[in-house]
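Q: sequence and predicted model, in that order:
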Amino acid sequence: ARSYQSQLKRSQLNVKGEDSLYDASVSNSGVGAEGVDQGISTIEKSTNTMEMSGDGLVMSFGRKELHRKNPIADEETMLRSPGKYAVELHELAAQYLKNEDLNASVKLFELLLVHFKSEYGNLHHTVGSCLHNIGVVRLRSQDYDQALLNFEQAVRVRKGSMGKDHADVAVSLVKVGITQLLLHKFDEALYSFRDALSIRRHALGHLHPSTARIYNNIGCVHVEFNELRQARRAFESALDVQRNALCDEPENAQLLFGAATTLCNLGYLYSSRGAHERTCLVLKEAADFQQRVFGSAHPTVLSILDSLAESYAKRGDNLNALQTYNEIVVSLENDEGNGRVLSSRKKRAIAIVFYKMSRIHKKQNDHETSLRFLHNSESYVKELRAPNLLEKVEEEINQVKQELRKSDFDWV
């Protein structure tokens with residue numbers, strides 16, 4: 001998983017990865033899904049292209065074409081003979097993409113596109129793969145209009161060369177839907193995802209794990225329309241598929257991550273309807289899954305735990321809320337280890353968690369404990385030199401002190 005920071009303000013949705021849009025780092029109960037630049041579907045292992053985890057790239061070479069007869073050559077030599085070094089050029093373009101050298105990556109894919117068109121004509125599966133890969137690079141560079149054009153061309157070429165119900169058509173259709181979603185073309189995105197789902201179910205079966213990712217995307221579109229009932233149905237369909245797959249591969253990291261994403265999305269829906277008990281159940285399971293994938297101190301895990309603690313507090317389960325917040329603090333402090341100094345980011349996170357814990361104790365009229373946590377928060381904030389945050393904490397300290405003085409007066 002890559003970063004989890006960029007947010008679409010409209011629905012507090014986080015952009016990420018493979019063939020869905022939003023990521024599982026659910027901050028403030030935002031919807032998450034698998035995102036926009038996960039997946040390099042590398043060279044196929046059979047006669048057809050395979051979709052795999054990585055950067056969303058695909059490569060279509062048959063078994064004979066895959067066999068590398070040439071020694072590794074320098075880039076200039078490969079550029080002079082793209083047909084001879086097609087496999088190597090693809091790998092080099094993928095490496096450029098991984099290193100964020102997007103211009104170099106797209107130039108190599110465009111070179112391969114010209115070669116394959118010249119060699120095989122415009123309607124060939126290798127042409128469709130090149131168009132798809134160019135779209136992936138354009139998507140990464142946030143050139144969404146051009147990416148959409150490339151993915152739509154890839155869909156047309158793949159339908160013509162491989163058949164309209166081929167699984168690779170669905171791969172490009174999903175990318176079309178993601179790009180339309182980023183362009184806020186929600187009706188069109190919903191159509192693309194449904195079309196991709198139909199093809200994927202026909203080609204791979206109703207319970208194939210990749211259908212879950214599309215259900216998840218469909219749910220995200222319904223959230224954009226505020227169609228929460230339809231969104232819930234889509235997320236629950238995704239979860240049914242993911243649970244079925246986890247029965248066979250209970251430690252599969254990709255399946256665990258996908259299921260956690262769906263659970264977070266359901267948590268967002270339940271929370272928005274005030275169903276905090278259900279919210280706690282799904283977020284707890286999501287956190288457990290993510291911990292198995294990333295460990296206890298990963299930002300995604302801590303973000304879900306933060307949402308879980310907030311949900312516990314909303315349902316009045318203060319004990320579990322405090323225990324969950326404490327788990328976050330322990331994870332942040334232990335993650336440094338070996339005497340290393342806490343980073344500013346982690347100090348800020350701990351300060352905010354202490355502040356939240358103080359608010360819970362304040363609600364319980366335990367003002368002394370509330371004040372202790374506020375002072376702990378204050379000490380971290382002063383180290384950060386964050387005046388706005390410090391002002392907020394100090395204001396809360398003054399309020400709690402007033403409550404303490406008031407209670408002393410009442411007692412007398």
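A: Good, I have the coordinates. This structure is a prediction, so every number in the text was calculated from the model and none was measured.
Q: average model confidence for the helix or strand that contains L266?
A: In the assignment (DSSP states H and E), L266 maps to helix 253-272. The average pLDDT within helix 253-272 is 94.
Q: for that helix, buried residues please.
A: Using 16 or more other C-beta atoms under 10 Å as the test for burial, helix 253-272 gives 254-271. Any C-beta I mention is one placed from the backbone N, CA and C, and that applies to glycine too.
Q: just the CA coordinates for that helix, please, in PDB.
A: Output of helix 253-272 as PDB, limited to C-alpha atoms (Å, rounded to 0.1, in the frame of the first residue of the first chain):
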ATOM      1  CA  ALA A 253      -2.500 -10.100   2.400                       C
ATOM      2  CA  GLN A 254      -4.400  -8.700  -0.600                       C
ATOM      3  CA  LEU A 255      -7.600 -10.400   0.400                       C
ATOM      4  CA  LEU A 256      -7.200  -9.200   4.000                       C
ATOM      5  CA  PHE A 257      -6.600  -5.600   2.800                       C
ATOM      6  CA  GLY A 258      -9.600  -5.700   0.500                       C
ATOM      7  CA  ALA A 259     -11.900  -7.000   3.100                       C
ATOM      8  CA  ALA A 260     -10.700  -4.400   5.600                       C
ATOM      9  CA  THR A 261     -11.400  -1.700   3.100                       C
ATOM     10  CA  THR A 262     -14.900  -3.000   2.600                       C
ATOM     11  CA  LEU A 263     -15.500  -3.200   6.300                       C
ATOM     12  CA  CYS A 264     -14.300   0.400   6.700                       C
ATOM     13  CA  ASN A 265     -16.800   1.500   4.100                       C
ATOM     14  CA  LEU A 266     -19.600  -0.300   5.900                       C
ATOM     15  CA  GLY A 267     -18.500   1.300   9.100                       C
ATOM     16  CA  TYR A 268     -18.800   4.700   7.400                       C
ATOM     17  CA  LEU A 269     -22.400   3.900   6.300                       C
ATOM     18  CA  TYR A 270     -23.400   2.500   9.700                       C
ATOM     19  CA  SER A 271     -21.900   5.500  11.500                       C
ATOM     20  CA  SER A 272     -23.700   8.000   9.200                       C
END
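Q: show me what it is packed against.
A: Packing contacts for helix 253-272, counted by 3 or more C-beta pairs under 8 Å, 6 or more residues apart in numbering; DSSP states H and E, involve helix 209-224, helix 228-248, helix 276-294, helix 299-314.
Q: out of those, which one sits most buried?
A: Per-stretch averages of neighbours, counted by mean count of other C-beta atoms under 10 Å, single out helix 209-224 among those, with a mean of 26.
Q: flag every buried residue along the top helix by length along the chain.
A: Among all segments of the chain classified by DSSP state H, the helix with the greatest residue count is helix 387-411. Neighbour-count burial for helix 387-411 flags 389-390, 393, 396-397, 400 (criterion: 16+ other C-beta under 10 Å).
Q: in terms of secondary structure, what does that helix contact?
A: For helix 387-411, the packing partners by 3+ C-beta pairs under 8 Å, 6+ apart come out as helix 344-363, helix 367-384.
Q: contacts for the last one next, please.
A: When you say that, I think you mean helix 367-384. For helix 367-384, contacts defined as C-beta atoms under 8 Å, 6 or more residues apart in numbering pick out 344, 347-348, 350-352, 354-355, 357-359, 361-362, 389-390, 393-394, 396-397, 400-401, 403-404, 407.
Q: if we go to 7 Å?
A: 344, 347-348, 350-351, 354-355, 357-358, 361-362, 389-390, 393-394, 396-397, 400-401, 403-404, 407 (C-beta atoms under 7 Å, 6 or more residues apart in numbering).
Q: re earlier: JSON lines for the helices and strands packed on helix 387-411, including mean neighbour count?
A: Shown next, in JSON lines, are the helices and strands packed on helix 387-411 (neighbours: other C-beta atoms under 10 Å):
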{"stretch": "helix 344-363", "mean neighbour count": "19"}
{"stretch": "helix 367-384", "mean neighbour count": "19"}
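Q: can you lay out those as CSV showing distance to E227?
A: Below are the helices and strands packed on helix 387-411 laid out as CSV (distance: least, C-beta to C-beta, whole Å):
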stretch, distance to E227
helix 344-363, 32
helix 367-384, 40
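Q: sketch out the low-pLDDT regions of the stretch 301-412 of the chain for me.
A: Within the stretch 301-412 of the chain, the ranges that satisfy pLDDT under 70 run 335-339, 408-412.
Q: identify the residues contacting L404.
A: 367, 371.
Q: how close does it sit to H367?
A: 5 Å (C-beta to C-beta, to the nearest Å).
Q: again with G205
A: 59 Å.
Q: got it, and L97?
A: Taken as C-beta to C-beta, the span from L97 to H367 is 55 Å.
Q: ok, for K347, nearest residue in space, not its chain neighbours?
A: Computed as C-beta to C-beta, 6 or more residues apart in numbering, the closest residue to K347 that is not its neighbour in sequence is Y380, at 4.7 Å.
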